[in-house]
Every structure is written in C-alpha cells, then in structure tokens.
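K.L.:
this one's sequence-less:
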Ligand code: SF4
C-alpha cells in the first residue's frame, strides 16, 4: 500500500459521524462544527437576554435517538449539548431550528409542478382537499393508485402512512433504500422475519467490514463512535475492506484494498478457506452455496476479481477463525448505503461459518414492535390483494403503476434515488402530491401541498416537558398524517390516537433476538455468481470504476442545506460551485487528466459535468471516487446548484429481492 497522504485521509473524513469522538480522540484533529454553530447563532441572530436554563430533547436523525441537552437563554436555544457521546448531527440541530428558509406554514402549489412556486394555505383547507381526494379514490376502488415514500428515519410517521394506505386499499408504502431497507430485505430472504440485522459490536473482538464505513455515518453514528473507542481500548481488531482509503479504512487496524465492487466476492473467497479449514454451517441450503463457492469463488478466481493474493485471503480467513468473538459486516457506504441482497447473504454465510449468528459479539436480529395491523374493510383488502406488488422503491418507480395520490414523508427520492428523474416525471403526472418536510428539497418541487414539520428540538423529550420553540405553524409529521386520516371516512376508525405523543406510548419496543438459522436463497446466489464476473470485467468503452464517498457532515446530501457543512468543505471537495472527484495520479495520467483538470463523467446512462480532478494515492488505480450529496436543484440557496449529482449516471440495476438499485459500482469514462 502506498504511504497515505494525511491531508487526503482527513479530506475523506466521510459522513456525519465522523467527527467529534473519532476525530478528536484518535486523529487529534478537533472537529470544528460546534465553533461554527456558535458563529451561525451569533452572526445572524442575537439571542435575547434572559435566564439560562437547560432543557432535554432527543435527536431523531437515526435510530440511536440520542439524548440532547439544549442550553436556553430566555426563550432562545443557543447551544446543543449531547449527553451520550458526541455526534455533530445532533449537536448542530440549531441549524435547522433557525434556518432562514424553513417552511413556516402549509404551502400549496402555484402554477406547474417542478417550479418551486407555492402560496400559503391553511391547515384546514389543505387537509380537507387531501382527505377528499383519498376518500374519492377509495370509493372508486382506486386505492391501489395511492402511494407513499418515507425517509429512512421517518419512524412512527412512516408507520402511520403505511397504516393509512392499507385502510385505503394500497400496500405501496416504501422507504428510501439504504442500510435499514437492505438489511430488512436480507433478513426476510434468509430468515423470513420482519426485522433487520443487529451487530453486537460492543462485544466483538474482530470486526471485518465489507465496505461498511463504520465510522462515517453508518448505522447509528453516536453508537459507532462509542463502539470504536471501545475497540481501541480493548484492542479489538477492526479490518476494513474498501476500494478507497476512506476515514474508516485509514483508522482501521487493517485496510484491505480490493478492486471496485468485489466485496461480496471476497466474502465468498473467505468462505472457501473457512470450509477448507473444516468449518461448517447449519444454514439450510448451505450445500447449494458451497457448490457455487467451489465452482465460482476459488482462490484464483477471487484473486482475479478482488486483486488480492490468495495468501492474503487465506490469512483473513485464519484471523477470523482464530478470533473469539468475530463478526463480518455487510452494507457498503456511510449514510448512503448501497448493496445487494446477495452481498448480505455472502457476508452472513461467513458469519454462519465462524459461528457468529446469535453469538455474543456476533450478529442478531432486531424486530420492531410497531403499531399492529389496522382493521381493513373488504374492498381495501381486495384492492391490496389484486394490486401489482413491488419489492422496493426503485422497483416501484421503474415498474409500478402511475399514482394518483402520493405522500412523501421526510424524504428526497428525486435527489437520492438513481431513478430520481423518472420519479419526477411520475410526480408531474400525479394528480396530487403531498409532502411533509421542514425545507423545500428537490422532491418537494413536485408537491401540490407541503406541510411544515418540526425540527427535533421542538419535540419535547417527554410528555409535559419543555421544548425549544420557533414561531411557525409546523407540526410533527405524525400529527399531520393523523389529522388527514381522521378526516377520511372508513380510515378514521383505525386512528384512535389524539397526537403523536399517544402513538409513541402505543408503539411496541424494538426487541433484539438471537439470529437463529439461515436459509440460503440459492437462486439469488446462483444469479449473483453468474452476473458478478460480467459486471466487474473491464469495459472497453467505460474503463473506469466510479465509486462513491461522502464528505464530512455532508453525508448523502441532507447536510448541504446548512452553512456549517459548506464551511467545512475543503477546496478539493467544492470550489465555488465546482465539485471535485478523486483519482490516482497514474490513472489520471493514463486518461489525460491532471490536478485541477475539468472533466465530464459519462456512463451508459448519460453524462454529468463538469467536475475537477484531484490526484491522490488513496484511490485505487482505474477508479474515480465521486462525492455524494452535491447537485441539488432545490433544497435551499445553500445547496442549490453546487456540484453535480452522480446518481444521474450511476448504475440502476435493481436487486430483485430488496427492490433497490445497487448503484455502488458504475463503469464510466472521462469525456
Ligand atoms: S447518533 Fe447522531 S444522528 Fe443519531 S440520534 Fe444520535 S446525535 Fe442524532
């Protein structure tokens, strides 16, 4: 491995986690977000005088649900303290609370869709119109033409939307693809359980990550920061498999640099050696997988696919087998995770061979309590039964019916999905689109109604407690959905709660279970084994592999509306409105590029440009590393028009099990 350039390693300090605990404790590079936060507050708003007090709040940005303590001066929130491990996402929540472009009242579209022109409308008028539309569709037996898209952290409001759609006769309620949806698809495919994978990192002593950028926003950032500190303290070994030397790779005990897109091949190559060492698996159909491994993932073939020597693969297998509480982790990326069900199965096969399923320090299954099933009348049940089924959001956008009523809840699929453009076209033809959001994003441009939602700081930590408050007409998305549902005849009876606070009390808790036994979906693995070598073979027309990474705090795009994030971007990530991509110097030379060259990136889906090239040896040969999160068409004046969105040209092959496009690896050329 070439000696790393320190500035590049810091530059790749990906996703939102990153920063505080990891950066400060282990790299000595202090995270400056809190300083900027104070500047934002002081430069633009002078806190009124008054008494100082601290009130409790809970960050809702991921499932970690961290406790926050907010410092108040009079009635103004001036600083957020985190009480359980620092994570800058929660710590910078003031940026949303006092954002100058926050939506302050319900909005109604004026003129054509996609033009961002809205006028204020009352809550009552908007709810009356939306509920009448839903009721009409139901009465005409067109419930299946109602759909909903939830953001990954929509939580209870997402469950309410799913419930509402069922009472109207639709099962088309989707979550934006990411770690949670992919993990859920893998658990369903291998164990027939509605749950997601839970890694017992707190007790692992050998962690083998197949591209999961564990300290860059992955999973629960605050938990991962603490977990990482624990690994260091007790000398657990963290091994990062990745094509580029991200922050995770640079602070891991071992970086395993593999060829782009070959993580699952490595997992199956390791499984080969584990089997050779006499390790067995109780997974049903494992014999079928063993045949696939022995035929298609021999050391020589895996060496060709990954670029690693067979001895290096064997050594990882030996280390895994020799560790006490080892675990293998699937889910490539940081905040934006993309993978395939086959990749999750390959990694779970490794876990089954090392006995990590359900074991301390291994992998378990988390099952959400939820709200239970609503009563559904015969017409709605029949409508759901007859409707065309889609396995996930991208599958729905590509192959699903044209909706007549679409809800979008705390999500931005027009920006984040590789099917964003076709979704926008679909939304232009949708009679009514309703969005629940605090800021107008790329997706909201196509909405007919937008309801303003609360920032977490405005949600009391417990019933009867204080919260920070800003004068807007915002409501919790769950309350807005509840109000709509209660106005729809036939649906109203399934929504007995008065507010989202009652719903929190009613929702079941998440339960962590032992992983139990797997069933290997042999057909999925056969198809994967046949496709992978073709996918990874060098393409004559598109000789470079485009792989994503995430800049600090920007994540997969949600961070760009906030000035502190812009302030933290260095001048080889964004200069003015120009975005940079990263290349190895030798690769750049081969393709006629040099430091600062302006290039376009082209895949078989089209072209984006122009971007500038930064040369760094932290990127493997024949790879272009491209940042996610840029190229918004809306999402406030801070984010709009900065850089380009690579999702427009990223691979859009849809995983048949999860229904999500696996966009991680895309063949491109410079043009
Ligand atoms: S880990 Fe970070 S993003 Fe997640 S809840 Fe805690 S503060 Fe929020």
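P.N.:
In hand now; what should we look at? Since this is a predicted model, take the numbers as computed values, not measurements. Numbers count the residues shown, from 1 in each chain.
K.L.:
and the protein, what are its domains?
P.N.:
6-41, 52-98, 107-176+373-496, 180-367, 538-670 (the TED database).
K.L.:
Any chance of these in TSV with mean neighbour count and distance to residue 521 as columns?
P.N.:
C-betas here are computed from N, CA, C, even on glycine. What follows is the domains of the chain, written out as TSV (neighbours: other CB atoms under 10 Å; distance: least, CB to CB, whole Å):
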stretch	mean neighbour count	distance to residue 521
domain 6-41	20	30
domain 52-98	20	26
domain 107-176+373-496	20	13
domain 180-367	22	5
domain 538-670	21	7
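K.L.:
Make a markdown table out of those domains and add distance to the ligand and mean pLDDT.
P.N.:
Below are those laid out as a markdown table (distance: least, CB to the nearest ligand atom, whole Å; pLDDT from 0 to 100):
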| stretch | distance to the ligand | mean pLDDT |
| --- | --- | --- |
| domain 6-41 | 7 | 35 |
| domain 52-98 | 3 | 84 |
| domain 107-176+373-496 | 8 | 95 |
| domain 180-367 | 3 | 96 |
| domain 538-670 | 10 | 95 |
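K.L.:
Save those domains as CSV, and put in distance to residue 520 too.
P.N.:
Compiled in CSV, these are given as follows (distance: least, CB to CB, whole Å):
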stretch, distance to residue 520
domain 6-41, 31
domain 52-98, 28
domain 107-176+373-496, 19
domain 180-367, 4
domain 538-670, 13
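K.L.:
Could you point out which of these sits nearest residue 518?
P.N.:
domain 180-367 (3.9 Å; CB to CB).
K.L.:
out of the domains of the chain, nearest to residue 509?
P.N.:
With CB to CB as the yardstick, what comes closest out of the domains of the chain is domain 180-367 (9.8 Å).
K.L.:
What is the linear distance spanned by that closest one between its boundary residues?
P.N.:
12 Å (CA to CA, to the nearest Å).
K.L.:
Can we start the residue count at 16 from this point?
P.N.:
Taking 16 as the first residue, the last one we looked at is domain 195-382.
K.L.:
where do the helices sit along the stretch 16-165 of the chain?
P.N.:
21-26, 48-59, 103-106, 109-112, 138-154 (DSSP state H, counting those that start in this stretch).
K.L.:
swap in the stretch 216-365 of the chain?
P.N.:
Using DSSP H, counting those that start in this stretch, helices in the stretch 216-365 of the chain cover 236-248, 262-266, 278-291, 301-311, 314-321, 325-337, 356-368.
K.L.:
Save those as JSON lines, and put in distance to residue 74 too.
P.N.:
Converted to JSON lines, the helices of the stretch 216-365 of the chain look like this (distance: least, CB to CB, whole Å):
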{"stretch": "helix 236-248", "distance to residue 74": "8"}
{"stretch": "helix 262-266", "distance to residue 74": "21"}
{"stretch": "helix 278-291", "distance to residue 74": "30"}
{"stretch": "helix 301-311", "distance to residue 74": "40"}
{"stretch": "helix 314-321", "distance to residue 74": "38"}
{"stretch": "helix 325-337", "distance to residue 74": "35"}
{"stretch": "helix 356-368", "distance to residue 74": "27"}
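K.L.:
so which of the ones you listed gets nearest residue 347?
P.N.:
That would be helix 278-291 among the helices of the stretch 216-365 of the chain, by CB to CB, at 6.2 Å.
K.L.:
which helices and strands sit right next to that closest one?
P.N.:
Packed against helix 278-291, as judged by 3 or more CB pairs under 8 Å, 6 or more residues apart in numbering; DSSP states H and E, are the following elements: strand 221-225, helix 301-311, helix 314-321, helix 325-337, helix 356-368, helix 537-551.
K.L.:
who does the shortest one pair up with?
P.N.:
Looking back up the chat, that one is strand 221-225. strand 252-257 (parallel), strand 341-344 (parallel) (DSSP bridges).
K.L.:
Touching, residue 176 and residue 162? I think so.
P.N.:
No: judged on CB atoms under 8 Å, residue 176 makes no contact with residue 162 at a distance of 9.8 Å.
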